[in-house]
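> 3D, please:
(2 chains)
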Amino acid sequence: MTDISKEAIAPPRSFLSQDAIQLFYRLLAALLICAVLAVLSDSFLSLGNILNVLRQASLTFFIASGLTLVVLTAGLDLSVGANVALSACIAGTVIHKTGSPALGILTGLACGGIVGLLNGVMVTALRIPSFIATYGMLWVLNGLTYWYMAGETLHGFPAGFRQIGSGYLFGLPIPVYLLLVFLGIGTLFAQRTIWGQEIYAIGANPVAARLSGIPVARRLLLVYAVSGTMAGLASIIFLSRLNSAEADIGESLTLPAIAAVLIGGTSLFGGVGTVFGTFIGALILTLVLNGMNLLSVSANWQPLVTGIIVILAVWLDMKTRRRTQ
Amino acid sequence: MSTAALAVEPSSPVPLLELRGISKEFPGVKALDDVSFAVFPGEVHMLLGENGAGKSSLMKVLCGAYRADAGEFYFKGEPVAINSAADAQKLGIAVIFQEFSLVPHLDIAQNIFLGREPKGRIPGTIDRRKILADAARVLGTIGFDIDPSTIVDKLGVAQQQMVEIAKAISQNARILVMDEPTAALSDRETELLFALIARLKADGVSIVYISHRMAEVFALGDRITVLRDGRRIDGVRPADVTPDQLVRMMVGRNVDMTYPRNFADEPGEVLLEVKGLSASTGISDINIEVRRGEIVGLCGLVGSGRSEVARAIFGADPVTSGEIVFDGKTISGEPDLAARCGIALIPESRKSEGLALLRSVGDNLVVSALRKLFPSGLFDQRSAQRTADGLIRQLRIATPSARQTVGLLSGGNQQKVVIGKWLAAGSKLFIFDEPTRGIDIGAKAEIFALIDRLVAEGAAALMISSEQVEICHVCDRAYVMREGRVAGHLARNELTEENIVRLGMHHA
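Numbers count the residues shown, from 1 in each chain, chains lettered A, B, ... in the order given. Alright, predicted model coming up:
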């Protein structure tokens, strides 16, 4: 009964959905950064550099894409980085012990997936807020990995396995192909499956979603398991690219992944965002770091710049949403 | 009726507050169009109108939330300006909204004096003893006997409302604007509120009272202003009009106050059978049966366990013992199972439990039918849109398009969206929990016509309502609940308000 006024203020939704408009702004921002870097640095537009940017963005994207689904349900997965470390160390050990990269890859993915599933169980069955459950998991995984590795470093993997992270196919790095594949799968999953629709509905109002007949607990389990599995995938790429694994490799991965999700326009309050946005988020993040490297800006400035971009992106989002809703 | 306005003679010659020629326009809609309105000291002024008639806008202009585009304000005959909430507060205008603005984790005293806390001796602290004493004094003036250090979260709706009123009184409010204050109250609580209103009146406080309940309008009102489409239709005294005349003024056409219902001669087969159901939420040994083609009422006082029965049947709360047989099959599980079997719950609180407010009308309409519409699991936006458009037409949901954010629709249209999502899912049993709360008379009739059509087509409905008139008019029969149990069953010919009240009353 208080709604006539609001109805009057808000224009009917335009043909382009809110998500599409947000994505458009993001693409524009990414292109703008590219244009500026192209002017400032001669080497930016070289093929080698562009492929390098894409390859770097791919690692962040793999972790961030799964995380996007979690954030869409108004949750958070802080354990992704630690999950990458544990999965990489276990996968590496399996490859060393059995000599079979395939078995190693499967173990890595499974390890990531199981960790994700455990997160999901904590969030659904034990009703621990995801932020806290996955924060605890971060410590547990770090503890396990340090204990397991005992200060050792795994290195030297079969050449075939190393192709995954550093090989080329038709002139493009293999991680870039994987990036495109998982960008496609993620987008299809979120936009074109009923599970994706249900995930958006859960994020928008979990109570209403449950009372609308959506199996909320099962969908949350799925989402956390996917996030974990994507961390497992990232661990394989990581292992193959660096040709080594140590216990501390995950520490610098979680925060950039969250940054990519936020820059990509996914709301921490749930229900709003896209996997494609996260891809652009990862791209913007990588472009800026790449640009700073090319322009010989000290690496010490990078966290500061990342922080400012995250805050700016979220602020602009909130501003445009307030205007249209 | 046009002479009725002249017949109104205020108790005091000078209004406490007078609005003249208020207009307020939003892009595309004239929310208020040349509305004049006067409040005299110590009167209860009822504000009537359908949803969208301009009551809320007028209320927001009064409390300074909106700035009027045109018009003048006079306080005790002197021209004043109300351009902000602070201006309104200075004039002693306070609004008790339906959704309270209390801070749940603070106690009563802190809420009453929020932002005006008495300073303690150490800078930055609060004088705890003084705030409690002051709060106790304010609560005393409105006759609310409660420990001011009680945390607000622990209070019921009625008590929270009392705290809101206490807060307004502590700010020296002379004009209290109440937006459907009894919407969430039980009969007993309503009586207490009415007693308080009488007390405030005696102290010279004026009350602007927005209501959808005809009985209240006549029981409480000193004067009535009817709004329609943003215009003031008339100002009358309760003694000079009948309810039917008021309804006609509100809707501008004749509306049958009795709801259309085609009672079936023979009820169909048993669709739902609840046997000895108990749940941890306080209901025990519930036995209920609903047949196809029936609308079965579930009545009783607020807090008697009606909603809990609905939630237990739907699987929303864990069942501790008993059996639910639906369509011949025993079901036990989460809401997704109940929904898949064909049970629909239209919850009491549309906004927090029924809808994803930020999502579109279309998204909300298909959310329960995803599995049915897309058995392959692949979602197709265009096909979903077609389904949504069909429902929007069928239910006559007033929305610019399926893309509109559902939170921007009026209460009645939001309710239609909640019902629509279960129509899309092809549900067979519809459990309505207070389906007409906060919905205007026109929309109410539409909702009841819809329920009637559903059961005529072989579905069944279980309807919870605090409006006993509605139960009596619409239901084939009813169960009456008391203290978590079914206290009795009323067949069609026994279904009267007296019987419902008699069965539902607590026996001391």
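
> how about residues contacting stretch B:112-130?
Contact with stretch B:112-130 is made by B:Val103, B:Leu106, B:Gln110, B:Ile131, B:Asp134, B:Ala135, B:Val138, B:Pro148, B:Val163, B:Ala166, B:Lys167, B:Ser170, as judged by CB atoms under 8 Å, 6 or more residues apart in numbering or on different chains. Every residue, glycine included, has its C-beta placed from N, CA and C.

> and those residues, which of them are buried?
Buried subset of these (neighbour count, 16 or more other CB atoms under 10 Å in any protein chain shown): B:Gln110, B:Ile131, B:Asp134, B:Ala135, B:Val138, B:Pro148, B:Val163, B:Ala166, B:Lys167, B:Ser170.

> returning to that earlier point: got the contacts of stretch B:112-130 as TSV, with pLDDT, secondary structure and distance to chain A columns?
Below are the contacts of stretch B:112-130 laid out as TSV (pLDDT from 0 to 100; DSSP: H, G, I helix; E, B strand; the rest coil; distance: CB to the nearest CB, whole Å):
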residue	pLDDT	secondary structure	distance to chain A
B:Val103	89	coil	20
B:Leu106	91	coil	22
B:Gln110	91	helix	26
B:Ile131	91	helix	32
B:Asp134	91	helix	32
B:Ala135	92	helix	29
B:Val138	90	helix	27
B:Pro148	91	coil	30
B:Val163	90	helix	21
B:Ala166	89	helix	23
B:Lys167	90	helix	20
B:Ser170	89	helix	25
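
> I'd like to know how many residues surround the closest residue in space to B:Arg292 that isn't next to it in sequence.
Residue nearest to B:Arg292 in three dimensions, not counting chain neighbours: B:Gly268, with 3.1 Å by CB to CB, 6 or more residues apart in numbering or on different chains. For B:Gly268, the neighbour count with other CB atoms under 10 Å in any protein chain shown is 14.

> what helix or strand does B:Gly268 sit in?
Under the criterion DSSP states H and E, no helix or strand holds B:Gly268.

> can you pull the pLDDT of B:Asn254?
pLDDT recorded at B:Asn254 is 54.

> okay, and A:Met230 sits in which element?
Element membership for A:Met230 (DSSP H and E) is helix A:216-242.

> I misspoke; the intended subject was A:Val70.
A:Val70 belongs to helix A:47-72, assigned by DSSP H and E.

> now do that helix against helix A:216-242, angle only.
Compare the direction of helix A:47-72 with that of helix A:216-242 by axes from the mean of the first three to the mean of the last three CA atoms, to 10 degrees and you get 160 degrees.

> show me where the stretch 151-300 of chain A has strands.
With DSSP state E, counting those that start in this stretch as the criterion, the stretch 151-300 of chain A has strands at A:154-155, A:168-169, A:172-173, A:244-245.

> list the helices and strands the first one packs on?
Contacts defined by 3 or more CB pairs under 8 Å, 6 or more residues apart in numbering or on different chains; DSSP states H and E place strand A:154-155 against helix A:80-98, strand A:244-245.

> same thing with the last one?
Under the contact criterion of 3+ CB pairs under 8 Å, 6+ apart, the helices and strands touching strand A:244-245 comprise helix A:80-98, strand A:154-155.

> tell me how far the shortest one lies from the chain's centre.
Averaged C-alpha coordinates place strand A:154-155 at 26 Å from its chain's average position (CA atoms, centre = their mean, to the nearest Å).

> what comes up buried for the helix holding A:Val70?
A:49, A:51, A:53-72.

> and for stretch A:141-158?
For stretch A:141-158, by 16+ other CB under 10 Å, it's A:Leu141, A:Asn142, A:Leu144, A:Thr145, A:Tyr146, A:Met149, A:Leu154, A:Phe157.

> could you check which residue of the stretch 401-508 of chain B lies nearest chain A?
Residue nearest to chain A within the stretch 401-508 of chain B (CB to the nearest CB): B:Arg403, separated by 4.0 Å.

> make that the stretch 201-350 of chain B, sorry
Here the residue of the stretch 201-350 of chain B nearest chain A is B:Ala339; by CB to the nearest CB that distance is 2.6 Å.

> residue contacts, B:Val270?
B:Val270 sits next to B:Glu289, B:Val290, B:Arg291 when contact means CB under 8 Å, 6+ apart.

> which of the three states applies to the first one?
Look at B:Glu289: counting by DSSP: H, G, I helix; E, B strand; the rest coil, its state is strand.

> just give the number of residues close to it.
Neighbourhood size, B:Glu289 [other CB under 10 Å]: 17.

> about what we covered before: closest to B:Val226 out of the helices and strands packed on strand A:154-155?
For the helices and strands packed on strand A:154-155, proximity to B:Val226 was assessed by CB to CB; helix A:80-98 is nearest, at 60.1 Å.

> if I pick A:Thr193, what's in contact with it?
B:Gly377, B:Leu378, B:Phe379.

> ok, the first one touching A:Ile194?
Yes - with contact defined as CB atoms under 8 Å, B:Gly377 reaches A:Ile194; the gap is 5.6 Å.

> this completes my enquiry, with thanks.
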